[in-house]
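K.L.:
Just to be clear, the model below is a prediction. Sequence and coordinates:
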Amino acid sequence: MKLLGTNTSPYVRKVRLVLLEKNIPHTYLVDAPREPGSQVARANPLGRIPALILDDETCVFDSPVIAEYADTLNNSPILIPRDDALARMRVKRWEALADGIMDSAVAVRNETIRPVDKQEPNNINLHNLAITRALEHAAAQLGRQQWCEGAAITLADLAMVSVLIYLDLRQAERDWRGAHPNLAAWFARVSARESVRATMAG
């Protein structure tokens, strides 16, 4: 299978982490949808990344669907609980929280790269406030736990580490570590994993 994406996309990183943590063989192709000759629009009718192309050319999209599909391919590890409905909900809720932060961070990024006279400060403030609230919620939910949910790594951790890496990239001025030391300690531990280091290397 082939995964189409870019190195900076937090949605792509989340999916890459799932595939790497589960040791699922795949080829990762850097393919920016806006670049001439991109395969993305031909594979995914939405023209978005990530796009996972299976061996029979079936395209799986978008990141929550890819993550859930990939998690069913083997049991080592199980990243989305299968036999506990509440635990499953909590992991998927963490993913939704992380994806929501991603959505707002991308919106801020897209707004700030426009010419200054074309930017909408109210829109930037709205999304930045949403990010702040979501990080406060994440830190409160994490508490002193080693993992976001349960006794082992799950999709919740992979989604959250992905968005925090993106915030470091696009909002370096945001001192989320100072505001949330428990989240910072958790991030330091999770980001040291081989899978995370691999996605940060390219």
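P.N.:
Arrived safely, thanks for sending.

K.L.:
now Arg197: how far from Tyr69?
P.N.:
Note on Arg197: its distance to Tyr69, by CB to CB, to the nearest Å, is 25 Å. Bear in mind the C-beta positions are built from the backbone N, C-alpha and C, glycine included.

K.L.:
what about the two, which has more around it?
P.N.:
Neighbours per residue, other CB atoms under 10 Å: of Arg197 and Tyr69, the larger number sits with Tyr69, 14 against 11.

K.L.:
Who are the contact partners of the closest residue in space to the more buried one that isn't next to it in sequence?
P.N.:
For Tyr69, ignoring the flanking residues on the chain, the nearest one in space by CB to CB, 6 or more residues apart in numbering is Val60 at 5.4 Å. Shown in contact with Val60 (CB atoms under 8 Å, 6 or more residues apart in numbering): Ala51, Leu52, Ile53, Leu54, Ile66, Tyr69.

K.L.:
go again using 10 Å as the cut-off
P.N.:
Val60 makes contacts with 1, 3, 15, 43-44, 50-54, 66-70, as judged by CB atoms under 10 Å, 6 or more residues apart in numbering.

K.L.:
now do Leu73
P.N.:
By CB under 10 Å, 6+ apart, Leu73 lies in contact with Met1, Val18, Leu19, Lys22, Asn23, Ile24.

K.L.:
ok, and the most crowded of these?
P.N.:
Val18 (24 neighbours).

K.L.:
ok, now how distant is the nearest residue to Gly178 once chain neighbours are set aside from Gln145?
P.N.:
Nearest residue to Gly178 in three dimensions, chain neighbours excluded: Ala184, at 7.9 Å (CB to CB, 6+ apart). Noted for Ala184: a distance of 14 Å to Gln145, by CB to CB.

K.L.:
same question, Ile80
P.N.:
18 Å.

K.L.:
Compare those two (neighbour count), which wins?
P.N.:
Using other CB under 10 Å, the more surrounded residue of Ile80 and Gln145 is Ile80, with 19 against 12.

K.L.:
Surely the more buried one is in a helix?
P.N.:
No - the assignment for Ile80, made by DSSP: H, G, I helix; E, B strand; the rest coil, is coil rather than a helix.

K.L.:
I figured it was touching Thr72, is that so?
P.N.:
Yes - using CB atoms under 10 Å, Ile80 is in contact with Thr72, at 8.6 Å.
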